[in-house]
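Asker: mind looking at a prediction? Sequence and model below.
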Amino acid sequence: MSRKTIETIASADKALTIALGGDNSITYAAALGVFGDDLENAGLITFDAHHDLRDGISNGSPVRRLIEAGLNPKHIVQVGINDFSNSYEYAKLAKNLGISVISRSTLEHIGIQEACNLALGVAAGPGGKVFVDLDVDVCDRSHVPACPAAAPGGISAFQLRQAARLLAGHHQVRGMDITEIDASRDSDDQRTVRLGALLVLEMLSGFQLRA
């Protein structure tokens, strides 16, 4: 998926662009395509067990690459970060960059509604377009067997569905993606692929509820 393709879709007077993965590397091109030339005021919300701040070009580097492209890290919120899924160095880097982090444990305490409100307050605060990355490895592994990086103790499938609907309902959210689903590794009941389909429906439902 290229940035140019997303730019074409997003510029065709579409209120919400949805990109489907595939691995998390698609977030880089998809977000840039939605943001266009206004990176200064853009915001990013990720639901992910990982910080995605690795070097190089991979499914572990989209957030770092977006920062290098000009996205202000102080306009980034990462929700569902799992303490034992990240090295100390990446956690420290996220903190030093000024990225806002709502950890898995904090999310459990404040609830999904408040987490989404806090995330929107940061990412949408500058007034520009907001992109939302839903990496399903944020979910408990029992819900997403087709996601290799998911670990026991992640959020529930229902919580992620709630987040998709709540965030899609905000007028500044102009792009969303669903990543890290390898359909060839799904369970016989196809629960991961089914979750992906339900996330799209939740996004569309949230969009329809916009004031």
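Answerer: Everything's here; your move. This structure is a prediction, so every number in the text was calculated from the model and none was measured. Residues are numbered from 1 along each chain as shown.
Asker: contacts, neighbours, all on C-alpha from now
Answerer: Noted.
Asker: in this protein, which residue is most central in space?
Answerer: Compute the mean C-alpha point of the chain, and by C-alpha atoms, centre = their mean the closest residue is Asp133, 1.7 Å away.
Asker: in the host helix or strand of that residue, what's buried?
Answerer: Assigned by DSSP states H and E, Asp133 falls within strand 130-135. Residues 130-135 are the ones in strand 130-135 that count as buried (16 or more other C-alpha atoms under 10 Å).
Asker: now for that strand, which elements pack on it?
Answerer: When contacts are defined as 3 or more C-alpha pairs under 8 Å, 6 or more residues apart in numbering; DSSP states H and E, strand 130-135 packs onto helix 26-35, strand 43-47, strand 173-179.
Asker: list the contacts of whatever helix or strand comes next after it.
Answerer: As assigned by DSSP H and E, the chain's next helix or strand after strand 130-135 is helix 157-168. Helix 157-168 is contacted from outside by 16, 112-113, 116, 120, 132, 134, 139-140, 143, 173, 195, 198-199, 202-207, using C-alpha atoms under 8 Å, 6 or more residues apart in numbering.
Asker: try 7 Å this time
Answerer: The contact list for helix 157-168 (C-alpha atoms under 7 Å, 6 or more residues apart in numbering) reads 112, 116, 139, 143, 173, 199, 202-203, 205-207.
Asker: tell me which element the nearest residue in space to His171 that is not next to it in sequence falls in.
Answerer: Using C-alpha to C-alpha, 6 or more residues apart in numbering and skipping the chain neighbours, the partner closest in space to His171 is Arg210 (6.8 Å). When elements are assigned from DSSP H and E, Arg210 belongs to no helix and no strand.
Asker: count of residues packed around Arg210?
Answerer: With neighbours defined by other C-alpha atoms under 10 Å, the count for Arg210 comes to 11.
Asker: go ahead and confirm it touches Gly169.
Answerer: Yes: here Arg210 reaches Gly169: they are 5.0 Å apart, a contact under C-alpha atoms under 7 Å.
Asker: okay, and the common contacts of those two?
Answerer: In contact with both Arg210 and Gly169: no residue, using C-alpha under 7 Å, 6+ apart.
Asker: returning to what we had before: so who does the residue nearest to His171 touch?
Answerer: By C-alpha under 7 Å, 6+ apart, the neighbours of Arg210 are 169-171.
Asker: restricted to buried residues, select these in ChimeraX.
Answerer: A single ChimeraX command suffices to select whichever of the contacts of Arg210 are buried according to 16+ other C-alpha under 10 Å:
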select :169,170
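Asker: any idea which of the contacts of Arg210 is closest to Ile45?
Answerer: His170 (12.5 Å; C-alpha to C-alpha).
Asker: out of the helices and strands in the chain, which is least certain?
Answerer: Using mean pLDDT, DSSP states H and E, helix 3-10 stands out as the lowest-scoring helix or strand of the chain, at a mean of 66.
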